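Novice: please find the sequence and the predicted model below.
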Amino acid sequence: MKKVVFYCLGVLLLASCQMTQTIVTPPANVNVPKNALFISQSGTENAIMQTIIDLENNEMVVLTYSYANIENVTRTGVYLNPDDYRNMKIVGTDAPFAEEEEETKPPQQEESKEK
């Protein structure tokens, strides 16, 4: 009996941990490009931004997602040549930072304090 309860709890735990794929469907009144070329992606703590080229009119569009929902569609008005971006290797970083360096005092200042 203990084994049956143990197995049931194990199956329940594993079932609750399974990963799912979310398909984002925008509302009908949002003008999201149907045929697009992906350029880049960047993220913040609360959102992901994807930059794409709308292939119907070659306009750069920025899609903002928050919690698997499209939050904003920004049509930039910038027109790009999609051939410049096809078969391109995309390399990017999110939240770049530089390590803080300790300020070192010149030897002259250290000597003046000792005197």
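Specialist: Nice, thanks for sending it over.
Novice: for the chain, which strand is longest?
Specialist: Among the segments of the chain that qualify as a strand by DSSP state E, the longest is strand 69-79.
Novice: just list what that strand packs against, helices and strands only.
Specialist: For strand 69-79, the packing partners by 3 or more Cβ pairs under 8 Å, 6 or more residues apart in numbering; DSSP states H and E come out as strand 59-66. From N, CA and C alone the C-beta is placed, and that goes for glycine too.
Novice: so for Thr104, what's the pLDDT?
Specialist: Looking at Thr104, its pLDDT reads 62.
Novice: what is the top helix by length along the chain packed up against?
Specialist: As assigned by DSSP state H, the longest helix anywhere in the chain is helix 2-16. On a contact count with 3+ Cβ pairs under 8 Å, 6+ apart, helix 2-16 meets no helix or strand.
Novice: just the mean pLDDT for that helix, thanks.
Specialist: On average, helix 2-16 scores 79.
Novice: what's the first helix or strand after that helix?
Specialist: Using DSSP states H and E, the helix or strand that follows helix 2-16 in sequence is strand 36-43.
Novice: neighbouring strands - and their directions - for that next one?
Specialist: Pairing partners of strand 36-43, with direction, according to DSSP bridges: strand 48-54 (antiparallel).
Novice: got the buried residues for the partner strand?
Specialist: Neighbour-count burial for strand 48-54 flags Ile48, Met49, Gln50, Thr51, Ile52, Ile53, Asp54 (criterion: 16 or more other Cβ atoms under 10 Å).
Novice: would you convert these into TSV that also reports pLDDT and distance to Val62?
Specialist: Supplementary listing: the buried residues of strand 48-54 in TSV, determined by pLDDT from 0 to 100; distance: Cβ to Cβ, whole Å:
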residue	pLDDT	distance to Val62
Ile48	87	11
Met49	89	6
Gln50	90	7
Thr51	90	5
Ile52	92	8
Ile53	93	11
Asp54	93	11
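Novice: mind putting those residues into a markdown table with distance to Thr76?
Specialist: Listed next are those as a markdown table, based on distance: Cβ to Cβ, whole Å:
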| residue | distance to Thr76 |
| --- | --- |
| Ile48 | 17 |
| Met49 | 12 |
| Gln50 | 13 |
| Thr51 | 9 |
| Ile52 | 11 |
| Ile53 | 10 |
| Asp54 | 10 |
